[in-house]
Structures are given as structure tokens and as C-alpha cells.
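Enquirer: Need the 3D shape of this:
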Amino acid sequence: LTSSQIGAILATNILLTAFLQRPFGILADRYNRLLMIVLGMALASLSLILIPLLNTFPQFFLVAVILGLGGGLAMPAASAIVVTAGRNAGQGSTMGIFNTAMSI
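Expert: So this is what the prediction gives:
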């Protein structure tokens, strides 16, 4: 892959995850958050498992879309759970721990 193709793959993953935060956040307010996390992480895991089997740019691009979809589905639900927990333990420290874990 060229450096431009790699950049397109990474940008697709990151931007798709970002743009899906709002619509999936609305769903996280209405539906089962734990189920959303499990489904999103299953999609993300599946996409990561597929990486060694890929050879072409379209294949990598599709996997980046699946990974972005999984992250977009799971992150708003996980954040909503953290906010709920933060009401008891403190918003700042709870979000700090969550963001540290996500960064690791």
C-alpha cells in the first residue's frame, strides 16, 4: 500500500467513528448500552482479526469501515455508562480514568 492509501484507511476509520458518535449516542440514550458495547467491540475485534488475511486496498478499506462502525457503536454507550457511574464517584475522576484506559 502507498502512504496515501494508508492515510485514507486511517482517516476513514477515525472519521467514521467520530461521525457516528452522535447518532449512536442517541441510540445509547434509548437502548441497551451493554448490548451496544458488545456488538461494537465484536465488530471491531472481527475487523482486527481479519487484518492478516488482507492483501488489497479495498479489503483494508472495508475493514477500516467495519472497525469505525464498531468503535462508533461502542464508544457512545461506554461513555454514557461512565457518565452514569460518575454521578456517584465524581465526573472528573471517572472520565479521567476512562480516557486514560482508552488512550492505553
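Enquirer: Which neighbouring elements make contact with the longest helix along the chain?
Expert: Longest helix of the chain, by residue count under DSSP state H: helix 57-89. If contacts are counted by 3 or more CB pairs under 8 Å, 6 or more residues apart in numbering; DSSP states H and E, helix 57-89 sits against helix 3-30, helix 33-50, helix 91-103. C-beta here means a position set from N, CA and C on the backbone, and glycine is covered the same way.
Enquirer: Redo those as CSV? Include mean neighbour count.
Expert: Converted to CSV, these look like this (neighbours: other CB atoms under 10 Å):
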stretch, mean neighbour count
helix 3-30, 14
helix 33-50, 16
helix 91-103, 12
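Enquirer: picking that back up, from the chain's centre, how far out does the longest helix of the chain sit?
Expert: Relative to its chain's centre, helix 57-89 lies at 3 Å (CA atoms, centre = their mean, to the nearest Å).
Enquirer: Nearest residue to the middle of this structure?
Expert: Centroid check for the chain by CA atoms, centre = their mean gives Gly71 as the closest residue, at 1.3 Å.
Enquirer: Look up how far Ile66 lies from Ala74.
Expert: From Ala74 across to Ile66, the span is 13 Å (CB to CB, to the nearest Å).
Enquirer: shared neighbours, those two?
Expert: Common contacts of Ala74 and Ile66 (CB atoms under 8 Å, 6 or more residues apart in numbering): Ala44.
Enquirer: Look at those two and report which has more neighbours.
Expert: Ala74 (23 against 18; other CB atoms under 10 Å).
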